[in-house]
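Peer 1: sequence and computational prediction follow.
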Amino acid sequence: MNEAIRHFIQKVNERNIGEPEFLQAVSEVAESLIPYIESQSQYKKSKILERLVEPERVVIFRVPWLDDKGEVQVNRGFRVQMNSSIGPFKGGLRFHPSVNLSVLKFLAFEQAFKNSLTGLPIGAGKGGSDFDPKGKSENEVMKFCQSFMTELYRHVGDDIDIPAGDIGVGKREIGYLFGQYKRITGTFNGVLTGKGYEWGGSLIRPEATGYGLVYFVEEMLKMKDDTLVGKKVTISGSGNVAQFAAEKCIEKGAKVLTMSDSEGFIYDPAGIDQAKLEYIKDLKDNLRGRIKKYATKYKCEYFPGERPWKIKCDIALPNATQNELDLHDAKTLIKNGCFCVAEGANMPCTPEAIAVFNKANIFYAPGKAANAGGVAVSGLEMSQNSQRYSWSREEVDNKLKGIMQDIHQLCLKYGKDPHGHINYEKGANIGGFVKIAEAMLAQGVV
Ligand SMILES: NC(=O)C1=CN([C@@H]2O[C@H](COP(=O)(O)OP(=O)(O)OC[C@H]3O[C@@H](n4cnc5c(N)ncnc54)[C@H](OP(=O)(O)O)[C@@H]3O)[C@@H](O)[C@H]2O)C=CC1
Ligand SMILES: O=C(O)CCC(=O)C(=O)O
């Protein structure tokens with residue numbers, strides 16, 4: 001690590017004490033970006049990166065609500081408005097007990113690069129709450145969402161900041177949030193994405209992150225004239241991203257061996273086919289049950305408290321949460337012959353794991369490139385809302401595919417070294433940065 005990088009990371013650490021996830025995300029970017037910035041005097045002089053790590057605004061608020069027993073509950077709400085140089089703030093809301101400022105700042109920072117990579121005019125934000133939807137009644141989830149939006153509505157708007165879903169926030173929560181926004185403001189507009197199709201949502205938005213991830217993997221495999229047909233794939237998670245990544249892998253002829261939740265993973269050597277996947281969708285989205293039930297129903301192994309990375313595979317898709325794949329997991333994957341890791345989740349691989357992938361010279365795609373399909377189709381939902389129009393499934397899916405191919409090309413442009421090795425991490429960091437940097441230069445010191 002050179003002195004400029006060390007100095008920059010130290011400064012960020014001093015200004016953001018007790019924010020390990022944010023520091024991790026910034027350090028990862030700084031390592032590939034600072035050598036590039038050193039060669040671009042205009043970015044260095046204007047302190048673009050120093051400004052990028054400072055959110056434009058952070059809102060923290062109280063979210064009080066009454067549970068079904070009539071008791072008062074209090075949660076904490078956040079919105080990190082990270083960067084609006086290329087468009088209004090845009091990024092998901094996460095409802096999970098682990099949510100804190102560090103987690104949301106790392107997510108908002110990653111979002112800036114990701115949104116830029118999509119080529120769409122969307123800035124970056126992220127928000128959420130330490131509220132846990134698990135085990136809550138429908139009524140409690142609705143009450144919480146209404147209270148959350150009763151403060152958030154002041155800070156968002158279809159030209160200001162457009163939240164969407166993330167962990168713990170799906171179509172149900174977006175519905176309650178939208179209903180409350182409409183009720184308070186008396187307006188029906190595109191303030192949120194991930195809406196139901198009947199009330200302004202886009203076709204393919206639910207599928208977009210998972211499908212986009214697999215389109216990106218296909219582009220990587222094309223680099224060595226390969227396809228997904230017959231490949232063994234391990235997937236973590238069983239939520240939105242995992243479900244639709246599995247669906248697209250199955251459609252492309254790959255064999256999906258594992259899925260997981262926060263309590264453990266299932267291993268189905270026969271492969272999870274579309275019918276079994278429909279069972280998982282119903283189990284997780286409607287019954288809100290545990291993945292363990294799959295093992296009982298389809299008579300396969302369940303590994304409580306473990307993650308799926310010890311299962312032999314060609315391709316690994318971490319699709320659950322941050323830091324879910326560590327050094328030991330990375331070494332196991334390499335030892336077992338895995339040659340491609342693509343992140344559906346945000347920052348699921350630890351820095352030590354990424355170093356192992358780079359050393360082994362396998363395909364490694366960071367989330368900001370590989371999972372950008374979700375926010376890309378959110379951007380397309382905003383366009384449709386502005387036009388008061390909806391596009392067909394095929395139209396949106398083709399645009400998604402094109403965007404993922406373009407992101408792959410940008411990674412090649414900035415990440416290919418003289419020996420032909422592609423560092424997707426470096427490519428995504430520089431490719432995402434340049435557009436934001438140019439916009440910030442043009443807009444002056446703001
Ligand atoms: N939704 C989207 O469009 C996008 C999502 N992402 C990222 O993808 C990841 C998954 O999001 P999404 O699928 O939307 O979320 P969901 O809430 O739909 O699903 C999350 C899945 O991850 C599991 N999980 C959550 N926390 C943990 C944990 N601490 N340890 C182990 N497993 C965990 C959940 O298990 P359980 O049910 O037990 O909690 C569940 O299976 C996140 O990193 C998110 O930021 C990235 C781009 C877009
Ligand atoms: O669709 C969106 O606006 C945001 C999706 C998201 O949260 C993400 O890309 O991590």
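Peer 2: Received, thanks. Numbering: from 1, shown residues only. Ligands and ions are numbered 1, 2, ... in the order given.

Peer 1: residue of the chain with the smallest distance to ligand 2?
Peer 2: Gly92 (2.6 Å; C-beta to the nearest ligand atom). To be clear about C-beta, it is placed using only N, CA and C from the backbone, and glycine gets the same treatment.

Peer 1: which stretch of helix or strand covers that residue?
Peer 2: Using DSSP states H and E, Gly92 sits within strand 89-95.

Peer 1: tell me the contacts of Asn371?
Peer 2: 114, 209, 212-213, 241, 343-346 (C-beta atoms under 8 Å, 6 or more residues apart in numbering).

Peer 1: in the chain, what residue lies closest to ligand 1?
Peer 2: For the chain, C-beta to the nearest ligand atom, closest residue to ligand 1: Gly239, 1.8 Å.

Peer 1: in space, what's closest to that residue - neighbours in sequence excluded?
Peer 2: Using C-beta to C-beta, 6 or more residues apart in numbering and skipping the chain neighbours, the partner closest in space to Gly239 is Lys284 (6.4 Å).

Peer 1: what's the answer for Ile162, then?
Peer 2: Lys90 is the one closest to Ile162 (C-beta to C-beta, 6+ apart), at 5.1 Å.

Peer 1: tell me which residues touch the one you found, please.
Peer 2: Lys90 neighbours (C-beta under 8 Å, 6+ apart): 111, 115, 122-125, 161-164, 375, 378-379, 382.

Peer 1: please report how far it lies from Gly402.
Peer 2: 19 Å (C-beta to C-beta, to the nearest Å).

Peer 1: go on, Asp130?
Peer 2: 38 Å.

Peer 1: neighbour count winner among the two?
Peer 2: Of the pair Asp130 and Gly402, Asp130 is the one with more neighbours under other C-beta atoms under 10 Å, namely 17 against 13.

Peer 1: local confidence estimate at that one?
Peer 2: Asp130 carries a pLDDT value of 98.

Peer 1: could you find the closest non-adjacent residue to it?
Peer 2: Asp130 sits nearest to Val99 (C-beta to C-beta, 6+ apart), 4.8 Å away.

Peer 1: tell me the contacts of that neighbour?
Peer 2: 78, 128-130.

Peer 1: top of those by neighbour count?
Peer 2: Gly128 (29 neighbours).

Peer 1: and the helix or strand hosting Val63, which strands flank it?
Peer 2: Val63 is part of strand 57-66 when elements are defined by DSSP H and E. If you go by DSSP bridges, strand 57-66 pairs up with strand 72-83 (antiparallel).

Peer 1: from the chain's centroid, how far away is the strand it pairs with?
Peer 2: 18 Å (C-alpha atoms, centre = their mean, to the nearest Å).

Peer 1: CA atoms only for that strand, dumped as CSV, please.
Peer 2: Coordinates of each C-alpha in strand 72-83 appear next as CSV, following Å, rounded to 0.1, in the frame of the first residue of the first chain:
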residue,chain,number,x,y,z
VAL,A,72,-44.9,1.5,22.7
GLN,A,73,-41.9,0.5,20.6
VAL,A,74,-39.1,2.8,19.5
ASN,A,75,-36.7,2.2,16.6
ARG,A,76,-34.2,4.4,14.9
GLY,A,77,-34.6,5.5,11.3
PHE,A,78,-31.8,6.7,8.9
ARG,A,79,-31.4,8.2,5.4
VAL,A,80,-27.9,8.7,4.1
GLN,A,81,-28.0,11.1,1.1
MET,A,82,-24.5,10.3,-0.2
ASN,A,83,-24.0,12.0,-3.6
